[in-house]
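Asks: below: sequence and its predicted model.
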Amino acid sequence: MSDPYFYQPAQGHGLPHDPFNAIVGPRPIGWISTRAASGALNLAPYSFFNAFNYTPPLIGFASLGRKDTLVNIEETAEFVWNLATRPLAEAMNASCAAAPPEVDEFALAGLTPAASNIVAVPRVLESPVSFECRRTQIIRLQGASGAPTDSWLILGEVVGVHIARALLRDGVYDTAGSRTILRGGGPADYFEIMPENLFRMKRPSYP
Ligand SMILES: Cc1cc2nc3c(=O)[nH]c(=O)nc-3n(C[C@H](O)[C@H](O)[C@H](O)COP(=O)(O)O)c2cc1C
């Protein structure tokens with residue numbers, strides 16, 4: 001690796017496809033359900049998504065532009081994260097349609113809204129794991145110059161967790177058996193978690 005390809009993103013990557021999100025990948029998917037102040041339901045996937053804290057548990061995702069999900073969370077301060085799995089991949093993809101705010105992507109994707117226990121936003125019944133969340137912060141992202149972008153980071157505290165009992169093996173959450181899907185790069189790449197890809201490594205103790 002003595003001669004890496006180098007580019008400065010502000011001046012373009014010069015490659016057939018922007019490698020950025022193919023490199024930072026595969027990424028977990030924030031499959032986010034929300035409800036507008038009007039009551040309309042919304043569901044959409046966000047792969048600029050991750051977990052950021054244990055206590056309290058915090059998750060976040062970025063809206064590139066002012067999308068319905070962002071507007072709904074501004075209005076109601078609640079959202080639900082749903083786990084996207086291989087059997088739900090096509091429905092997850094269908095839910096990303098750029099539909100107007102009044103369109104319910106649960107219906108569009110053939111999914112069932114199930115009442116949550118704490119928040120007024122439903123979870124995806126078909127998804128094996130859901131987090132009920134309350135908004136903690138919405139941060140408009142900026143570049144190194146301080147110039148604001150048209151992107152917003154939405155953070156929320158997980159206040160309720162639903163886990164399908166089939167994914168609790170002797171009480172331990174079975175990531176390897178979850179068939180979780182993750183987003184790769186390019187227009188269409190995804191990865192599925194497979195048990196054979198699991199390896200274990202403990203943190204070193206010091207001294
Ligand atoms: C797998 C996947 C990941 C996506 N990740 C993002 C993302 O991180 N940020 C974003 O703004 N849009 C993302 N999108 C596009 C949104 O899902 C799409 O714009 C959607 O229409 C937004 O819906 P909403 O307006 O109902 O919130 C993604 C789409 C897919 C299929």
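Replies: Okay, I see it.
Asks: so what touches the lengthiest helix in the chain?
Replies: Longest helix in the chain, counting residues (DSSP state H): helix 68-76. Helix 68-76 is contacted by residues 32, 34-37, 42, 44, 46, 63, 79, 101, 120-121, 135, 138, 152, 154, 156 when judged by Cβ atoms under 8 Å, 6 or more residues apart in numbering. C-beta here means a position set from N, CA and C on the backbone, and glycine is covered the same way.
Asks: spatially nearest residue to the residue nearest to the spatial centre of the chain (excluding sequence neighbours)?
Replies: The C-alpha lying nearest the average C-alpha coordinate of the chain belongs to residue 30 (Cα atoms, centre = their mean; 1.2 Å). Distances taken as Cβ to Cβ, 6 or more residues apart in numbering place residue 49 nearest to residue 30, at 3.2 Å, with adjacent residues excluded.
Asks: name the nearest residue to residue 163, sequence neighbours excluded.
Replies: Per Cβ to Cβ, 6+ apart, closest to residue 163 is residue 129, 5.3 Å.
Asks: and that neighbour, what does it touch?
Replies: Here residue 129 is in contact with 82-83, 161-164, 167, 178 (criterion: Cβ under 8 Å, 6+ apart).
Asks: try it again with 10 Å
Replies: Residue 129 is in contact with 81-85, 123, 161-164, 167, 173, 178, 180, counting by Cβ atoms under 10 Å, 6 or more residues apart in numbering.
Asks: can you name the residues of this protein that neighbour the ligand?
Replies: Applying Cβ under 6 Å from any ligand atom, we find that the chain lies next to the ligand at 29, 42, 44-48, 61-64, 67-69, 93, 96, 98, 183.
Asks: do a quick rundown of the strands in the protein.
Replies: 27-28, 30-35, 41-46, 49-53, 58-64, 78-82, 113-114, 123-124, 129-142, 148-163, 168-169, 172-173, 181-183, 190-192 (DSSP state E).
Asks: and those as CSV, adding mean pLDDT?
Replies: Output for the strands of the chain, formatted as CSV (pLDDT from 0 to 100):
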stretch, mean pLDDT
strand 27-28, 98
strand 30-35, 98
strand 41-46, 97
strand 49-53, 98
strand 58-64, 98
strand 78-82, 98
strand 113-114, 98
strand 123-124, 98
strand 129-142, 98
strand 148-163, 98
strand 168-169, 97
strand 172-173, 98
strand 181-183, 98
strand 190-192, 98
